[in-house]
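Chemist: sequence first, then the predicted structure:
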Amino acid sequence: MKIICIGRNYAAHAAELGNEVPSEPVLFCKPDSAIIQRGNPFVIPTFSNDIHYELELVVKVNRLGKHIQKSFANRYYTEVTLGIDFTARDVQEAMKKKGLPWERAKAFDNSAFVSDRFFEVSALSNPILFTLKKNGEVVQEGNSALMLFDFDAIIEEVSKVFTLKIGDLLFTGTPAGVGKVESGDVLEGFLFNEQVFSLRIV
Ligand code: MG
């Protein structure tokens, strides 16, 4: 399986990092080795002093497809959950300045947390509201209606570039409010008011 991520998919988040709103989705990938194994904490890597959380809705692909039209895109997933696109912001800023790829900042081991509790999209209210708490305080509040490219548009765009396979995960971008994690922090994700995960930072 592969992990495909969308960058700058919420205008307020693009603005908080000083980035322009993109005219087409910003795409990057994480390898399957990036996934945090079930029950493990996030371990801050030694090569960064500024690891950020990015809470995101994560869509699971359930059908093989390529060049999928937006009007058919909803046939290619049924489930969604919450995940965190951990980002070495200091490394990413250095890479951006040099015009270099982001893998060192975005694709390292443990950089992809995905809750193991998936939810049927059709059973959720629309728009989907989601929240991240750090040490009990709300730090990010997301609303899927604010995505610049919605799930179906993402699938259309991504499948122009990558063949989608069963089990692939799509990180759909983070809302505003990203910030640093420190050893000892606890991150909790909520879909509407239901807690979906709790993750320790060490
Ligand atoms: Mg992200």
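Modeler: Here it is on my side, so go on.
Chemist: what's the neighbour count on residue 91?
Modeler: Residue 91 has 21 neighbours, counted by other C-beta atoms under 10 Å. Yep, even glycine has a C-beta here, placed from its N, CA and C like the rest.
Chemist: so what's it up against?
Modeler: When contacts are counted by C-beta atoms under 8 Å, 6 or more residues apart in numbering, residue 91 is found next to 47-48, 104-105.
Chemist: what distance do you get for the closest residue to residue 35 other than its chain neighbours to residue 86?
Modeler: Leaving out its chain neighbours, the residue that sits closest to residue 35 by C-beta to C-beta, 6 or more residues apart in numbering is residue 112, at 4.9 Å. Computed with C-beta to C-beta, to the nearest Å, the distance linking residue 112 and residue 86 is 7 Å.
Chemist: of these two, which one has the most company?
Modeler: residue 86 (28 against 25).
Chemist: shouldn't the more buried one be in contact with residue 114?
Modeler: No. If you go by C-beta atoms under 8 Å, residue 86 and residue 114 don't touch, sitting 11.5 Å apart.
Chemist: partner strands of the helix or strand where residue 196 lies and their direction?
Modeler: For residue 196, the host element (DSSP states H and E) is strand 194-200. For strand 194-200, the paired strands and their directions (DSSP bridges) read strand 186-191 (antiparallel).
Chemist: what count of nearby residues applies to residue 117?
Modeler: Around residue 117 there are 14 other residues, counting by other C-beta under 10 Å.
Chemist: which of the helices or strands spans residue 101?
Modeler: Residue 101 is part of no helix or strand when elements are defined by DSSP H and E.
Chemist: who's in contact with it?
Modeler: Here residue 101 is in contact with 28, 95 (C-beta under 8 Å, 6+ apart).
Chemist: gap between it and residue 29?
Modeler: Relative to residue 29, and taking C-beta to C-beta, residue 101 is found at 10 Å.
Chemist: before we move on, what about residue 143?
Modeler: For residue 143, the distance to residue 29 (C-beta to C-beta) stands at 26 Å.
Chemist: neighbour-wise, which of these two wins?
Modeler: Higher neighbour count among residue 143 and residue 29: residue 29, with 15 against 12, using other C-beta under 10 Å.
Chemist: that one - nearest residue in space that isn't next to it in sequence?
Modeler: Spatial nearest neighbour of residue 29, excluding adjacent residues (C-beta to C-beta, 6+ apart): residue 4 at 5.6 Å.
Chemist: for the one you found, helix, strand, or coil?
Modeler: Under DSSP: H, G, I helix; E, B strand; the rest coil, the three-state class of residue 4 is strand.
Chemist: what's opposite it in the beta bridge?
Modeler: residue 29, residue 170.
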